[in-house]
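1. got a predicted structure plus its sequence, pasted below:
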Amino acid sequence: MLGPPGAGKGTQAQVLATKLGVPTISTGDILRAAVKNGTSVGLEAKGYMDRGELVPDSVVIGVFLDRVSQDDCKTGYIFDGMPRNLAQAKELDRQGIQIDTALSIEISDAEIEKRLTGRRVCPDCAETFHVEFGPPKKDGMCDRCDAVLIIREDDKAETVRQRLAVYHAETEPLKDYYKSQGKLITVENINGIDEATAAVLKALGI
Ligand code: AP5
């Protein structure tokens with residue numbers, strides 16, 4: 001899944017993972033869990049994440065390769081937030097990690113701020129909600145595990161602007177990288193979540 005912060009990658013990845021019966025590997029979720037648990041990776045990643053910068057490739061690639069080598073990835077996977085720059089994409093190729101399709105979720109920078117200020121996430125299972133566009137059944141509580149939902153540290157307006165700048169400079173060029181390999185599919189996420197899901201499934205032919 002490619003796309004700017006708040007484009008809806010995680011939301012659509014959850015739907016696809018359930019439908020396809022494969023895990024979603026979200027480097028953002030892995031790093032946030034590491035921060036929460038105070039591991040050495042978490043301690044190293046926290047500052048970068050809080051500033052809206054990319055965590056160094058050496059750190060991210062290590063935790064990612066660890067996760068993708070687990071048994072549940074043997075029949076497939078959805079990557080959410082990985083690769084994030086050209087160096088990471090080339091490293092995945094070098095490691096023989098096969099990517100069949102790069103799905104880019106398209107959304108304007110203006111829409112992103114609205115999406116991210118209303119986002120609420122579960123600190124335990126990482127399920128994502130939106131106060132207006134995809135609210136939980138019980139106000140402020142996770143549908144899946146009943147934990148109290150939180151606002152992500154990096155969803156402050158100033159940090160969102162930095163994340164967007166990083167996206168345009170470092171991640172967006174990956175669209176050309178995968179386009180040149182005939183793997184790029186783009187979907188606009190301008191309407192509601194269900195409409196976006198329908199567009200994603202249609203684009204993927206599933
Ligand atoms: P990461 O967690 O990957 O964040 P991100 O890419 O910035 O993406 P988000 O999770 O913010 O957004 P999303 O596209 O998943 O949107 P969502 O579905 O939640 O990364 C965080 C940080 O970790 C990075 O900044 C970096 O520091 C580090 N990191 C991670 N991977 C890295 C890597 N590979 N290399 C280096 N550093 C790395 O949707 C947003 C909101 O909108 C939700 O509330 C949702 O309910 C709502 N919504 C979704 N679709 C719709 C719709 N159609 N209509 C209305 N609302 C909608």
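-> Great, that's in hand.
2. rest of the way, CA atoms for contacts and neighbours
-> Fine.
3. buried set for the helix or strand of the chain at the bottom of the mean pLDDT ranking?
-> For the chain, the helix or strand with the lowest mean confidence is helix 109-117, at a mean of 88 (criterion: mean pLDDT, DSSP states H and E). For helix 109-117, the neighbour count (16 or more other CA atoms under 10 Å) marks Asp109, Ile112, Glu113, Arg115, Leu116, Thr117 as buried.
4. list the contacts of that helix.
-> Residues outside helix 109-117 that contact it (CA atoms under 8 Å, 6 or more residues apart in numbering): Pro5, Gly6, Ala7, His130, Asp155, Lys156, Ala157, Val160, Leu164.
5. on contacts alone, who are the packing partners of the following helix or strand past that helix?
-> Downstream of helix 109-117, the first helix or strand assigned by DSSP states H and E is strand 119-121. Secondary-structure packing of strand 119-121 (3 or more CA pairs under 8 Å, 6 or more residues apart in numbering; DSSP states H and E): strand 128-130.
6. starting at the chain centroid, how far to the strand it packs on?
-> 13 Å (CA atoms, centre = their mean, to the nearest Å).
7. what comes into contact with it?
-> By CA under 8 Å, 6+ apart, strand 128-130 touches Gly10, Thr11, Arg115, Gly118, Arg119, Arg120, Val121, Cys122, Pro135, Pro136.
8. quick one, which of those are buried?
-> Gly10, Thr11, Arg115, Gly118, Arg119, Arg120, Val121, Cys122, Pro135, Pro136.
9. lovely, talk soon.
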